[in-house]
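> need a 3D model of the sequence below.
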Amino acid sequence: MADEYSLPDGVDLIADVEFARPQGHSLRLDVYRPRGAAIVPCVVFIFGGAWRMGDKASVRGRCGALHLATCGYAVAAVSYRLSQVAKFPAQIRDVKSAIAFLRRNAERFGLDTSRFAALGPSAGGHLAAMAGVTDGIETFEPAEGLPQPSGTSVQAVIDYFGPTDFLQMDAHSINDQIVHDAADSPESQLVGGPVQDNIALVQAANPLTWVTPQAPPFLLIHGDADPLVPFNQSELLAAELEVNGVPHELICVEGGGHGDGGEFEAGALEREVERFLGEHLGT
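Predicted structure coming up:
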């Protein structure tokens, strides 16, 4: 794994490419590519941070995706507007805007438009799941024209401990580190008010609302000791995917917290991600 200032051997970086400017806010992405490769699948990395902090550079950290650039994939780390800048659904529209941009510029970046995946931890996992289940739903599509009907689609989703149903989070929390129903919780800040007072918008932000049999395969990874996003949130999504016949796997990290502890520390999960992508995207 590279440190903050270096790249893995054999990986090139195209940095800080502006892909959109909603309401004058510059959104940028970084593309990490296997050196010398021709056309490769693309993994779109969506950072976490409670929708109100973080940036695309976290692709280099734990539960990031930079290692995939050494395995035959391009990794596109994208930005989006934080909740203090814009409320939901701005965040998923920004992510889809990045996907559309990458597809329009596939020749420039050497990307195979038939093989895109979305990957993210925490809030990024939520947005990755939303990208997977809302293809073609106008509410969540970017404003700019798309190159084709599948211009924002992804063919696989890797969701690390992402929230799903905000209304059920407190009922399954293992502590009171975050009161998710509170007006200042990350979820309430995302939708612009207490989640229990904004039911319709919370339902719109719930990936379970949009799951259909046409959804792409999902890999869900979640620690059963997560103090911030209850493990039950991934169980709910897995159950809805099961009902709809969507291929999926749920990996429970025993003793794992919010991206730490258990197998999060050992590198074994990176191999699981590589296996899943190999099965569904190939290299």
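> quick one, what contacts the residue with the largest distance to the centre of the chain?
The C-alpha centroid of the chain is most remote from Gly36, which lies 27.1 Å away (C-alpha atoms, centre = their mean). By C-beta atoms under 8 Å, 6 or more residues apart in numbering, the contact set of Gly36 is Gly10. (Each C-beta comes from the backbone N, C-alpha and C, glycine too.)
> for stretch 13-30, give me every contacting residue.
So stretch 13-30 is contacted by 7, 31-33, 56, 59, 76-81, 85-86, 90, 93-94, 97-98, 101-102, 109, 142-144 (C-beta under 8 Å, 6+ apart).
> okay, and which of those map to helices?
Ala90, Arg93, Asp94, Ser97, Ala98, Phe101, Leu102, Phe109 (DSSP state H).
> which one is the third one nearest to, not counting chain neighbours?
Setting aside the residues directly before and after it, Asp94 is nearest to Tyr80 in space (C-beta to C-beta, 6 or more residues apart in numbering), at 3.7 Å.
> mind pulling up the pLDDT for the one you found?
Looking at Tyr80, its pLDDT is 98.
> pretty sure it sits against Pro89.
No. Look at Tyr80 against Pro89 with C-beta atoms under 8 Å: they stay out of range, at 10.8 Å.
> neighbour count: those two, which is higher?
Taking neighbours as other C-beta atoms under 10 Å, Tyr80 and Pro89 compare with Tyr80 leading, 28 against 20.
> for the ones in helices among the contacts of stretch 13-30, which one is nearest Ala183?
The shortest approach to Ala183 among these belongs to Ala90, at 19.6 Å (C-beta to C-beta).
> state the distance from the closest one to Val11.
Using C-beta to C-beta, to the nearest Å, Ala90 is found at 31 Å from Val11.
> what's the answer for Gln91, then?
On the measure of C-beta to C-beta, Gln91 and Val11 end up 27 Å apart.
> ok, these two, which is more surrounded?
Remark: of Gln91 and Val11, Gln91 carries more neighbours, 25 against 19, as counted by other C-beta under 10 Å.
> what sits closest to the more buried one if chain neighbours are left out?
According to C-beta to C-beta, 6+ apart, the nearest residue to Gln91 is Tyr80 (4.8 Å).
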